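Chemist: Fold the following.
(one chain, ligands or ions: 3)
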Amino acid sequence: MAGPETILEVSGLVKHYPLTRGILFKKQIGAVRAVDGVDFALGRGETLGIVGESGCGKSTLARLLVNLEPPTAGSIRYKGEDITRLSGRALKAVRRNIQMVFQDPYTSLNPRMTVGDIVGEPYEIHPEVAPKGDRRRRVRELLDVVGLNPEHINRYPHQFSGGQRQRIGIARGLALRPEIIVADEPVSALDVSVQAQVINLMARLQDEFGLSYVFIAHDLSIVRHISDRVGVMYLGKIVEIGTDEEIYEHPTHPYTQALLSAVPVPDPAARERRERIILSGDVPSPADIPSGCRFRTRCWKARERCVLQVPPLAVPEEFRGTTGPAAHDSACHFAEEMRVVPPEEPPEKPPEEPHNSANTHEVR
Ligand SMILES: Nc1ncnc2c1ncn2[C@@H]1O[C@H](COP(=O)(O)OP(=O)(O)OP(=O)(O)O)[C@@H](O)[C@H]1O
Ligand code: SF4
Ligand SMILES: [Mg+2]
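Modeler: Numbering: from 1, shown residues only. Ligands and ions are numbered 1, 2, ... in the order given. Sure thing, here's the model as predicted:
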């Protein structure tokens, strides 16, 4: 599924934050189930898009993947080795290879540091990657690689635009020559025109450096052009995962279908033919996840079975044994293929020469 060589394999990943009461004697009264059992594999050189609404656990998942915090349960295997069990030197070596690019270029860069110091900071933690005397040269090279002027190495973040700041964040992410980049909404804070530039840059860097990406976004339209596969997250779990074509053109999970129905469609004719699915109710709290299918409180197809049984993330019964694009993993008891975004119609043939020009406007 995940390409020729699996570089990262995530199984049963869980992160629960305890909810406590009391000041002196803290008593746990529950847990925020931010990430609640996530499984996926990432192939070398592949981009896996992760999409879901605010609060579904995307940033928590990102922090777990780069080992910024330990999981409550589950494993993250990098080239076969479970990185959640590493410590000391072994952990440091792995961290170098899995880097993160953050969402907000306005707050993630230290305003009091020059760009040169920001991009070169990872070398302070990993001096073995670049000897001290060579760091400035490397930083200039990195600035050039991400399309910034190396002469601006002594400038401060506020002297750059939002798109340029995100390039600084990407240059920093590349400094240690990682194999995997986990990008947490890297373009969400940018204008639409700048979003495309940053995505194109990331695609070029991927080819140039053979990078594997986990690319997080809250909107399916953003990840479409960069992802080989896409996973849709809801309340801490992946509810549907498949190739670009499977998810965008043959979604089978009602939640994916609802998200797709809100994606902007450039073709006005296709936009008119598309049916908008408006979900009722709010996303439940991750501290109080519904029984059975966690999407059932907002699903227009929910039945009794959905209250009682958790649907597994697997090829649904009705598509098992088939080979079509609907036969991909979808956590729904009643999965059905639904094309939400209609295919673009072929361009109309040029009208034939009218025999009687007076009648032409009546045809329709
Ligand atoms: N350190 C923490 N302690 C307690 N709860 C947390 C912590 N970090 C995240 N959460 C909770 O976990 C849930 C998932 O948060 P997370 O930031 O991962 O979501 P997200 O999908 O990245 O959202 P957004 O799209 O808004 O960035 C939220 O309910 C959040 O309040
Ligand atoms: S399992 Fe039931 S509630 Fe969940 S998505 Fe499918 S139909 Fe909806
Ligand atoms: Mg987030």
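
Chemist: so where do the helices sit in the protein?
Modeler: Listed in chain order, the helices found in the chain under DSSP state H are 58-65, 88-97, 115-120, 122-125, 135-145, 162-174, 192-209, 220-223, 244-249, 254-260, 268-273, 304-308.

Chemist: just flag whichever of these has the lowest average confidence.
Modeler: Considering the helices of the chain one by one, the lowest average pLDDT is found for helix 268-273, at a mean of 78.

Chemist: what packs against it?
Modeler: Packed against helix 268-273, as judged by 3 or more Cβ pairs under 8 Å, 6 or more residues apart in numbering; DSSP states H and E, are no other helices or strands. C-beta coordinates here come from the backbone N, C-alpha and C atoms, glycine included.

Chemist: residues in the chain within reach of ligand 1, list them.
Modeler: Of all the residues in the chain, those in contact range of ligand 1 (Cβ under 6 Å from any ligand atom) are 17, 32, 34, 52, 54-60, 218, 286.

Chemist: What's the local residue count around the residue in the stretch 51-200 of the chain that ligand 2 sits nearest to?
Modeler: For the stretch 51-200 of the chain and ligand 2, the shortest gap (Cβ to the nearest ligand atom) falls at Gly52, measuring 14.3 Å. Gly52 is surrounded by 26 other residues when neighbours are defined as other Cβ atoms under 10 Å.

Chemist: which residues touch Gln309?
Modeler: Contact criterion Cβ atoms under 8 Å, 6 or more residues apart in numbering gives 292-293, 333 as the residues in contact with Gln309.

Chemist: Can you name the residues bridging to Ile6?
Modeler: No Ile there; residue 6 is Thr. Gly43 (DSSP bridges).

Chemist: re the thing from before, from Asp219, how far out is the residue of the stretch 51-200 of the chain closest to ligand 2?
Modeler: 10 Å (Cβ to Cβ, to the nearest Å).

Chemist: picking up where we left off before, contact partners for the residue of the stretch 51-200 of the chain closest to ligand 2?
Modeler: 58, 218, 232-234.

Chemist: Determine the number of other residues adjacent to the closest residue to Leu259 other than its chain neighbours.
Modeler: Beyond its immediate neighbours in the sequence, the residue positioned closest to Leu259 (Cβ to Cβ, 6 or more residues apart in numbering) is Leu220, lying 5.4 Å away. One way to gauge burial is a neighbour count; for Leu220, by other Cβ under 10 Å, it gives 22.

Chemist: Val263 is in contact with Leu220, correct?
Modeler: Yes: the pair Leu220 and Val263 qualifies as a contact (Cβ atoms under 8 Å) at a distance of 5.2 Å.

Chemist: Pull up the overlap in contacts between these two.
Modeler: Residues touching both Leu220 and Val263 do not exist when contact is defined as Cβ under 8 Å, 6+ apart.

Chemist: got the buried residues for stretch 243-253?
Modeler: Across stretch 243-253, burial judged by 16 or more other Cβ atoms under 10 Å covers 243-244, 246-253.

Chemist: Poorly predicted segments of the stretch 201-350 of the chain, please.
Modeler: When residues are selected by pLDDT under 70, those of the stretch 201-350 of the chain lie in 343-350.

Chemist: closest point of it to ligand 1, which residue?
Modeler: Per Cβ to the nearest ligand atom, the residue of the stretch 201-350 of the chain with the smallest distance to ligand 1 is Pro286, at 4.6 Å.
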